[in-house]
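**Q** this one's sequence-less:
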């Protein structure tokens, strides 16, 4: 079973930085596309960023371009989301998602297209 596990959330002041991690079991990690989504209270889950299996292709939603960076470490079976210049509107539960080979491409922003999800981790940005 693919079971993404997120870590690294917390509380940060506006303008600050935070890095989220998502680790997937070794058997599946290197061949899967990975993504981050987020869900703020009272809102639908929205796409943040995705990365293909080899880490060469990424796709960011406009709201985070230039502030967030995704990369994957295939030695540690982990993807990272570095978030900087954080804003209060970035406050949400952040979810890591994984999809098997030949499924999504990074520009697929529909969460229903991803097969596996982590439990989510809270990020709070204070003003």
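**A** Alright, I've got the coordinates. Remember, it's a predicted structure, so these values are computed and weren't measured experimentally.

**Q** pLDDT weak spots in the chain?
**A** 26 (pLDDT under 70).

**Q** let's see it at 90
**A** Residues of the chain that meet the criterion pLDDT under 90 lie in 1-3, 25-31, 53-54, 74-77, 100-107.

**Q** mind checking which residue lies nearest the centre of it?
**A** When Cα atoms, centre = their mean is applied to the chain, the residue found nearest the centroid is residue 36 (2.1 Å).

**Q** which SS class is the residue nearest to residue 81 when sequence neighbours are not counted?
**A** Residue nearest to residue 81 in three dimensions, not counting chain neighbours: residue 20, with 4.3 Å by Cβ to Cβ, 6 or more residues apart in numbering. In this view, the C-beta of every residue, glycine as well, is placed from N, C-alpha and C. Secondary structure for residue 20, judged by DSSP: H, G, I helix; E, B strand; the rest coil, is strand.

**Q** burial of the spatially closest residue to residue 84 that is not a sequence neighbour, as a residue count?
**A** Distance criterion Cβ to Cβ, 6+ apart; nearest residue to residue 84, sequence neighbours excluded, is residue 17 at 4.4 Å. The number of residues packed around residue 17, counting by other Cβ atoms under 10 Å, is 11.

**Q** going forward, begin numbering at 233 instead of 1
**A** Fine by me, first position is 233 from now on; the one you just mentioned is residue 249.

**Q** got the contact list for residue 249?
**A** Contacts for residue 249 were tallied using Cβ atoms under 8 Å, 6 or more residues apart in numbering; they are 314, 315, 316, 317, 318.

**Q** hmm, try it at 10 Å
**A** Contact analysis of residue 249 by Cβ atoms under 10 Å, 6 or more residues apart in numbering lists 299, 314, 315, 316, 317, 318.

**Q** I am finished for the moment; much appreciated.
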